[in-house]
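S.K.: would you be able to build a 3D model of this:
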Amino acid sequence: MPNRTPSDHALSTWRTADCVCLDVDCTVTQGDGLDLLAMSMGCYDRISGLSDQAQDGSMNLSDTLEERLRIINCTPDDLRRFVETYPPESRMTKGIVNLIKVLQKRGVAVYLISGSFRELILPLAKYLGVPKENVYANRMAWQWDDDTGQPTRLVGFDPSQPTSSNGGKIRAISKIREDNPYNTVVMIGDGITDLEAVRSSEGADLFIGYGGVVERSAVKEAAEWFVYDHDDLTRALKQSRVAMVGSSALACAMVPMLCHNVLQDEQFDNTVMMWVHDAAHVHEGRTILDIINQDHQNPKELPGVHLGDNLVASGNLEEVAKDADVLVFCAPHESMHSITRRLMGKVKRDAIAISLVKGMRVGRDGPQLISQMIRKNLNLDCSVLIGGNVASDLGNKELSEAVIASSSREMGAVFRKLFQTSYFYVDILQDVAGAEMCGTLKNIVALAVGIVDGLDYGCNAKAVVMRQGLTEMRKFAKTLYPNVRNETFFESCGLGDLITTCLGGRNHATAEAWTRAWKSGAPKTWTKLEEEILGGQRLQGVATSNEVQEVMRVRGWESTYPLFSTVNRIINGRVEPSQILHFCQANGIQTTNEDDDDTTIIPAARAPKAKPHPQPGVNSSSKVAETSHYHDPGGTEVYRPHVAPVNPIFVETDNLAAAAAAAAAAAAAAAVLLHVLIS
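M.R.: Below is the predicted model:
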């Protein structure tokens with residue numbers, strides 16, 4: 001009995017193949033090409049049976065080819081008439097066109113390997129979209145007319161081609177493997193010569209027998225998997241299931257891309273799952289879960305945006321993740337540790353993951369990026385998608401872009417299939433840590449710019465803060481992860497995301513509102529503003545600032561990152577918001593709570609530094625001018641000395657070469673930022 005049901009080995013090999021080689025006659029086409037050519041020339045009776053003898057192994061292939069060509073004795077004009085009479089589309093076996101199309105969409109290389117002739121096969125390859133360099137077949141030998149330079153008479157075939165004699169398909173596959181870095185090669189065919197291709201270490205990893213045209217008993221019994229319909233092979237190709245872990249505004253902006261793209265590519269299952277963390281939340285008399293599944297919208301997070309008819313939401317995290325082949329994480333970064341802990345041992349071992357989360361976790365072992373957390377807790381390869389994107393703009397399908405940072409370009413290409421659309425451009429880079437650090441740190445800079453706007457300062461001040469922010473982002477990232485690339489900071493995950501977040505993101509908007517409330521004399525807490533502006537969602541920038549500050553405190557880096565340190569002191573009520581313009585004095589700023597013992601926020605006192613040389617236009621005799629009132633976020637009125645302003649461009653450094661390099665790198669960013677801000 002033929003093996004109609006594939007073994008686990010056969011199915012796994014088929015699904016992971018990166019190269020598929022197809023026999024042509026009676027596998028791709030409904031019959032033998034040479035027999036059909038002989039029929040068109042009226043000599044079929046004289047060659048009938050010769051091809052079967054070659055396929056059954058009862059006659060030497062080289063002798064068979066020579067004898068058949070001698071009988072046919074065609075001319076170039078005969079070949080042209082043959083192709084016109086029997087066009088490729090009329091000769092295809094059932095399901096073969098779709099199978100090749102699906103394989104190529106999955107990135108699988110398709111080759112045609114035949115003991116027949118290129119002159120007959122190249123029109124088929126063109127119709128199927130198989131490159132001519134992926135055709136391995138024999139060549140006819142012609143006598144050429146000296147006067148016209150045209151071939152006139154068939155004189156045999158070229159014996160130097162790999163497929164000109166027995167064992168030719170093994171030689172062809174060996175050559176393919178020699179020229180290309182394929183890991184897994186599958187051979188599909190109907191004859192003994194095809195079966196032989198798997199019986200050598202240099203040949204294919206799997207042979208699949210095909211009996212849709214001719215059923216050969218020796219092939220049927222020996223094949224590890226035998227099919228009569230190419231559609232069986234197409235259906236057996238793994239369709240990856242995609243799951244979105246999270247239902248935030250950004251998740252709801254990204255999931256329509258997933259829902260659309262899985263329907264366009266047979267590599268993916270048509271249904272996208274989504275985990276809704278607040279499934280029981282009631283909105284206008286209905287739960288959010290019911291609204292998403294029935295109306296395909298999330299009015300709480302992103303009202304008015306259609307999520308996709310093929311989206312299925314669930315409040316059960318484990319149920320959503322357990323069968324997923326592709327896990328897309330898009331949840332608040334402070335929730336990711338508990339999410340990944342819940343999923344430990346409950347996801348597929350061969351699943352892949354991508355994180356859209358911006359932030360880090362600081363534990364006893366130091367800082368941990370979200371992608372690192374996913375790798376550690378779930379043992380999954382994890383890429384990241386980072387870009388300058390506001391959820392509402394994405395939901396409205398406005399032009400946007402992002403980068404996918406992945407350990408390999410092949411993995412990145414899979415995720416690009418899922419996310420790229422006509423309005424969302426995706427590029428691939430291989431700097432996961434760099435992209436993720438950009439997405440994490442830019443939220444701190446956005447808080448700074450929001451504070452500047454809340455104080456009603458202009459573009460000059462914002463440009464200074466953004467330039468310094470980009471400089472500190474780059475330095476902090478490269479200090480923690482030395483392999484981070486400089487170019488990453490000028491990708492959409494770096495400069496693009498920074499500009500978007502500082503001009504229109506939620507961190508900027510909330511920081512501006514927080515500053516204006518302080519300025520009005522009626523300060524509000526961050527929690528209150530999260531409720532008013534974000535509908536109760538957590539503000540990522542504040543949490544990230546505290547986490548980054550803890551890293552800097554433990555390692556003694558506060559003075560190295562004056563803007564980051566100043567922002568953290570402001571948002572925690574240690575100094576007043578106006579000190580944002582004096583971030584270069586970060587070491588010397590006194591706090592509003594002099595007796596506070598919370599050393600996780602305020603670094604230990606330092607000996608005063610030597611006074612720098614006066615800068616042009618700066619009053620070197622500036623002293624503490626006056627005492628001012630300040631209301632901290634908790635409502636307590638305190639007094640602190642008002643620090644006279646200093647030149648915000650002057651930064652002390654003990655390494656002039658490093659300072660020059662940093663200034664040069666920052667100058668390019670400043671030019672772009674200023675152009676955007678001024679225009």
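S.K.: quick one: Thr471 and Asn486, what's the gap?
M.R.: Using Cβ to Cβ, to the nearest Å, Thr471 is found at 12 Å from Asn486. For glycine as for every other residue, the C-beta is placed from the backbone atoms N, C-alpha and C.
S.K.: no, scratch that, I was asking about Lys175
M.R.: Distance check for Lys175 against Asn486: by Cβ to Cβ, it reads 42 Å.
S.K.: could you do Asp232 as well?
M.R.: 51 Å.
S.K.: quick one, which of the two is more surrounded?
M.R.: A count of neighbours by other Cβ atoms under 10 Å puts Asp232 above the other of Asp232 and Asn486, at 18 against 12.
S.K.: quick one, phi/psi of Thr287?
M.R.: Backbone torsions of Thr287, given as degrees, to the nearest 10, read phi -70, psi 150.
S.K.: isn't it right next to Ala279, touching?
M.R.: Yes: contact status for Thr287 versus Ala279: in contact at 6.4 Å, counting by Cβ atoms under 8 Å.
S.K.: least confident secondary structure element in the chain?
M.R.: strand 637-642 (a mean of 32; mean pLDDT, DSSP states H and E).
S.K.: ok, the spatially closest residue to Glu398 that is not a sequence neighbour - contacts?
M.R.: Among residues not flanking Glu398 along the chain, Tyr423 sits closest, at 6.7 Å (Cβ to Cβ, 6 or more residues apart in numbering). Tyr423 sits next to Lys397, Glu398, Leu399, Ser400 when contact means Cβ atoms under 8 Å, 6 or more residues apart in numbering.
S.K.: ok, and the most crowded of those?
M.R.: The residue in those with the most neighbours, by other Cβ under 10 Å, is Ser400 (21 neighbours).
S.K.: which residues of the stretch 1-150 of the chain fall in strands?
M.R.: For the stretch 1-150 of the chain, the strands defined by DSSP state E, counting those that start in this stretch cover 19-22, 109-117, 135-138, 140-144.
S.K.: let's have those in a markdown table, adding mean neighbour count.
M.R.: Supplementary listing: the strands of the stretch 1-150 of the chain in a markdown table, determined by neighbours: other Cβ atoms under 10 Å:
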| stretch | mean neighbour count |
| --- | --- |
| strand 19-22 | 24 |
| strand 109-117 | 24 |
| strand 135-138 | 23 |
| strand 140-144 | 14 |
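S.K.: so which of those is nearest Ser40?
M.R.: With Cβ to Cβ as the measure, strand 109-117 is the member of the strands of the stretch 1-150 of the chain nearest Ser40 (14.6 Å).
S.K.: from the contact counts, what lies against that closest one?
M.R.: strand 19-22, helix 33-40, helix 96-105, helix 118-128, strand 135-138, helix 168-179 (3 or more Cβ pairs under 8 Å, 6 or more residues apart in numbering; DSSP states H and E).
S.K.: gap between the second one and the chain center?
M.R.: The offset between the C-alpha centroid of helix 33-40 and the centroid of the whole chain comes to 49 Å, using Cα atoms, centre = their mean, to the nearest Å.
S.K.: pLDDT of it, averaged?
M.R.: For helix 33-40, mean pLDDT is 90.
S.K.: buried set for that helix?
M.R.: Going by neighbour count (16 or more other Cβ atoms under 10 Å), the buried part of helix 33-40 is Gly33, Leu34, Asp35, Leu36, Leu37, Ala38, Met39, Ser40.
S.K.: neighbouring contacts of it?
M.R.: By Cβ under 8 Å, 6+ apart, helix 33-40 touches 24-25, 44, 46-48, 51, 68, 71-72, 74, 78-79, 81-82, 85-86, 91, 116-117, 120-121.
S.K.: CA atoms of that helix as PDB?
M.R.: What follows is helix 33-40, C-alpha atoms only, in PDB (Å, rounded to 0.1, in the frame of the first residue of the first chain):
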ATOM      1  CA  GLY A  33       7.000  16.100 -23.700                       C
ATOM      2  CA  LEU A  34       9.000  14.100 -26.200                       C
ATOM      3  CA  ASP A  35       6.100  11.700 -26.700                       C
ATOM      4  CA  LEU A  36       3.800  14.700 -27.400                       C
ATOM      5  CA  LEU A  37       6.400  16.200 -29.800                       C
ATOM      6  CA  ALA A  38       6.600  12.900 -31.600                       C
ATOM      7  CA  MET A  39       2.800  12.800 -31.800                       C
ATOM      8  CA  SER A  40       2.700  16.200 -33.400                       C
END
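S.K.: now that helix against helix 118-128, angle please.
M.R.: Counting by axes from the mean of the first three to the mean of the last three Cα atoms, to 10 degrees, helix 33-40 lies at 110 degrees to helix 118-128.
S.K.: relative orientation of helix 33-40 and strand 109-117 in degrees?
M.R.: Using the same axes, to 10 degrees: helix 33-40 against strand 109-117 is 50 degrees.
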